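K.L.:
How does the following fold in three dimensions:
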Amino acid sequence: MGVWNMSSDSKPPMKPGGIIHSYLGYDPKRFPPPHQAGDSDGVLESAMDHLMHYGSYRPLTDEELADAIEIDPSQIKGLGPSIDALIALLEERRRRILETFDPMPAFDDADTAYGEAVDQIEPPTEMMQHVLQRAVDAESIPVLERVWYQVGGEKSELSGPLMRLIATLGSKLEIEQLITNYSFTGRTKLSIEEAIDTKDMLEQIDELLEQLREARKNAKVGIIDLDKLREFVDEADVDELRGMQSQIQEMLQERAEEAGLERGPEGYQLGPGALRTIQGKLLDEIFSELEASRTGRHDGPVVGEGPVEMARSRPYEFGDSVAHLDVSQTITNAAIRSGAEARSFGIGAEDIEIHLTRNTPKAATAVVMDMSGSMRSGGQYVVCKKMALALDGLIRREYPGDFLSLIEMYSFAKLRHVSELPEMMPKPVTIRDPFVRLRVDMSNPDVSEMMVHPHFTNIQASLSLARKMLASQDTPNRQIMLITDGLPTAHYEGEQLYLLYPPDPLTEEATMREAHRCARDGITINMFLVPSWSQDSEDIAFAHRIAEATRGRVIFTAGHDLDRFVLWDYLQQKRRIIS
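P.N.:
As a prediction, the model looks like this:
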């Protein structure tokens, strides 16, 4: 990998055509904002939300799942009484400490020790004496630490006395905090060390009480620090809690299995059934408020030859495919024709009924999802992944004859299966120079993708991969849905990969050449431009040029409504194809 300076004044030719759509001010009756999906159990939704936001960077562990799911404590036999008994024990221990001890003598001793430590320091200059006095009066450990560095740190003769001063101040402040936070009524005097130990003990008790009260509300026994609890209660009580924790863990694992989650070596993942359920929930959320007469999704289907059977049927005609035979209606017709007295009957040609099918001309779509570093801003990558999941679910449910290809775009372009979507994440920014000009020879066997900065945006490579995937589809209805937030910053010239920031005209020219190849192959590129903090008129102009080159459209989304815009657009295009 090396640095290469380049410049180019060439401009891509401007082509007429292209339509710009702006959905920022959409009619809420036609296209309402999202509503929260129902959460009856919470297991699948919690897992999905975790994977969407953290992907493979942070596996979904048993602890993460337990923290995200609400459990009814009444389902765990004996949990409430056991926790109540432990709370009573700890509260009694706390009360006895406060009624027994008096920390004020310890504070007086700490204050005296602090004054003596000050007297042991002899600053070499009057200015240093002034600086030290201000730090002593402030009674601030950070201020004293700055003085320690100012006098030379460990090399200074004042290093030891200053460190002792800081230590005595720390003890004084801890005891002062103890007196402030707790109301003592006892008469037994505490030393400095005993007062600090008492403070630690009371804080541990308070922390355990908070954990126990939280566990009593939601049965999250896993949040209780059992090792600390063992210091204050009997071992048998801790063992009982540990047994309940195992019982709750088994319950969580059962719920996870019922929800379709699969346990891997690093954590839970979405199984095929869970993925389909999530897709259904996303679709239900997207279409829950849309008016049936306006969406295009609920219109009466066009009857004709197609892969999707309808409930209605008609008499068999010569040439009809028996693949859509309505068996129940055919037998019913034969029974009626034979009469009620017949003990047996045969099926004649006039009895056969065939299901009507939906005439859905095939469409082929490639969705290019920007996973470059900038998509992390505002959580755009989460919306992008949800959109792709919903679109895949829509096609599987409504248009099973259609083809869908999913492509991840970053410095490279990668074909992805729908099951890989939840764990996809925007690439980390690995170089922060304001001016980047890099060329990588990808034909070099010693160079791998792992060695290349991943967070750039290679629209050219993504369009090329999408074009190859669509080339094998025997349909005139081919499109690329390109979801990005701005200009490309990476491209290929042969085996040479260029990473250029700020965006360079050479990258735009290479990208436009690939867009023209898509146009020659009859592929339309529809560009969904998501908002970004760095977006400007150049990003919009480039999107317009892509649309012009392929007779596509530019759609400006409102960010978190991307899934609605993409599915709405897909359905609108299907209506045009059918009609």
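K.L.:
So for stretch 178-196, what gets flagged as buried?
P.N.:
178-179, 182, 184, 190, 192, 195-196 (16 or more other Cβ atoms under 10 Å). Placement of C-beta: from N, CA and C, glycine included.
K.L.:
Need the distance between the two termini of that stretch.
P.N.:
8 Å (Cα to Cα, to the nearest Å).
K.L.:
of all the buried residues of stretch 178-196, which two lie farthest apart?
P.N.:
Within those, Tyr182 and Ile192 form the most distant pair, 16.5 Å apart (Cβ to Cβ).
K.L.:
Tell me which entries of the buried residues of stretch 178-196 lie within strands.
P.N.:
The members of the buried residues of stretch 178-196 all map outside strands under DSSP state E.
K.L.:
Of those residues, just say which sits nearest to Asn218.
P.N.:
Out of the buried residues of stretch 178-196, the member with the shortest distance to Asn218 (by Cβ to Cβ) is Tyr182, at 28.1 Å.
K.L.:
residues touching that closest one, list them.
P.N.:
For Tyr182, the contact set (Cβ atoms under 8 Å, 6 or more residues apart in numbering) comprises 98, 202.
K.L.:
what's it sitting at in phi/psi?
P.N.:
phi -130, psi 140 (degrees, to the nearest 10).
K.L.:
From Ile97, how far off is it?
P.N.:
8 Å (Cβ to Cβ, to the nearest Å).
K.L.:
Ok, Cys384 next?
P.N.:
According to Cβ to Cβ, Cys384 and Ile97 sit 55 Å apart.
K.L.:
Which one's more surrounded, the two?
P.N.:
Cys384 (28 against 16; other Cβ atoms under 10 Å).
K.L.:
Only C-alpha atoms, please: export the strand or helix carrying that one in CSV.
P.N.:
According to DSSP states H and E, Cys384 maps onto helix 380-398. Presented in CSV, the C-alpha positions along helix 380-398 are these (Å, rounded to 0.1, in the frame of the first residue of the first chain):
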residue,chain,number,x,y,z
GLN,A,380,-28.4,5.0,10.0
TYR,A,381,-26.9,1.5,9.7
VAL,A,382,-29.7,0.1,12.0
VAL,A,383,-32.4,1.5,9.8
CYS,A,384,-30.6,0.2,6.7
LYS,A,385,-30.5,-3.3,8.0
LYS,A,386,-34.1,-3.3,9.1
MET,A,387,-35.1,-2.1,5.7
ALA,A,388,-33.3,-5.0,4.0
LEU,A,389,-34.9,-7.5,6.3
ALA,A,390,-38.3,-6.1,5.7
LEU,A,391,-37.9,-6.0,1.9
ASP,A,392,-36.7,-9.6,1.9
GLY,A,393,-39.7,-10.6,4.0
LEU,A,394,-42.1,-8.7,1.7
ILE,A,395,-40.7,-10.5,-1.4
ARG,A,396,-40.9,-13.9,0.2
ARG,A,397,-44.4,-13.3,1.4
GLU,A,398,-46.0,-11.4,-1.4
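K.L.:
Give the buried residues for it.
P.N.:
380-395, 398.
K.L.:
try stretch 126-146
P.N.:
In stretch 126-146, the ones that count as buried by 16+ other Cβ under 10 Å are 128, 131-132, 135-136, 143-144.
K.L.:
What are the contacting residues of it?
P.N.:
Residues contacting stretch 126-146 (Cβ under 8 Å, 6+ apart): 118, 121, 123, 147, 150-151, 162, 165-166, 169-170, 172-173.
K.L.:
and with 6 Å instead?
P.N.:
Residues from elsewhere that reach stretch 126-146, judged by Cβ atoms under 6 Å, 6 or more residues apart in numbering: 118, 123, 147, 166.
K.L.:
Which of the residues you listed are buried? Put it as a ChimeraX command.
P.N.:
A single ChimeraX command selects the buried members of these (16+ other Cβ under 10 Å):
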select :118,147,166
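K.L.:
Pro428 falls within a helix, correct?
P.N.:
No. Under DSSP: H, G, I helix; E, B strand; the rest coil, Pro428 sits outside any helix and is assigned coil.
K.L.:
Count residues in the vicinity of it, would you?
P.N.:
Pro428 has 11 nearby residues by other Cβ under 10 Å.
K.L.:
and it, how far is that from Leu438?
P.N.:
Computed as Cβ to Cβ, the Pro428 to Leu438 distance reads 17 Å.
K.L.:
Would you mind listing where the stretch 51-200 of the chain has pLDDT under the threshold?
P.N.:
56-57, 59, 63-64, 66-80 (pLDDT under 70).
K.L.:
Strands of that one, start to end?
P.N.:
101-102, 188-189 (DSSP state E, counting those that start in this stretch).
K.L.:
Tell me which of those lies nearest to Ser464.
P.N.:
Short answer: strand 101-102, nearest of these by Cβ to Cβ, at 75.9 Å.
K.L.:
Return the list of strands paired to that closest one, each annotated with direction.
P.N.:
strand 188-189 (parallel) (DSSP bridges).
K.L.:
Off-centre distance for the partner strand?
P.N.:
55 Å (Cα atoms, centre = their mean, to the nearest Å).
K.L.:
same deal with stretch 233-244?
P.N.:
Using Cα atoms, centre = their mean, the offset of stretch 233-244 from its chain centre is 37 Å.
K.L.:
Would you mind checking the average pLDDT for it?
P.N.:
Summarised as a single mean, pLDDT over stretch 233-244 is 81.
K.L.:
Check which helices and strands the helix holding Cys384 sits against.
P.N.:
helix 43-54, helix 272-287, strand 364-370, strand 403-409, helix 562-578 (3 or more Cβ pairs under 6 Å, 6 or more residues apart in numbering; DSSP states H and E).
K.L.:
can you state the direction angle for the third one and helix 380-398?
P.N.:
Pointing back at strand 364-370 there. Orientation of strand 364-370 against helix 380-398 (axes from the mean of the first three to the mean of the last three Cα atoms, to 10 degrees) gives an angle of 160 degrees.
K.L.:
which residues touch strand 364-370?
P.N.:
Looking at strand 364-370 with Cβ under 6 Å, 6+ apart, the contacting residues turn out to be 384, 388, 403-409, 462, 466, 469-470, 473, 475, 478-484.
K.L.:
strands paired with it, and their directions?
P.N.:
Going by DSSP bridges, the partners of strand 364-370 are strand 403-409 (parallel), strand 478-484 (parallel).
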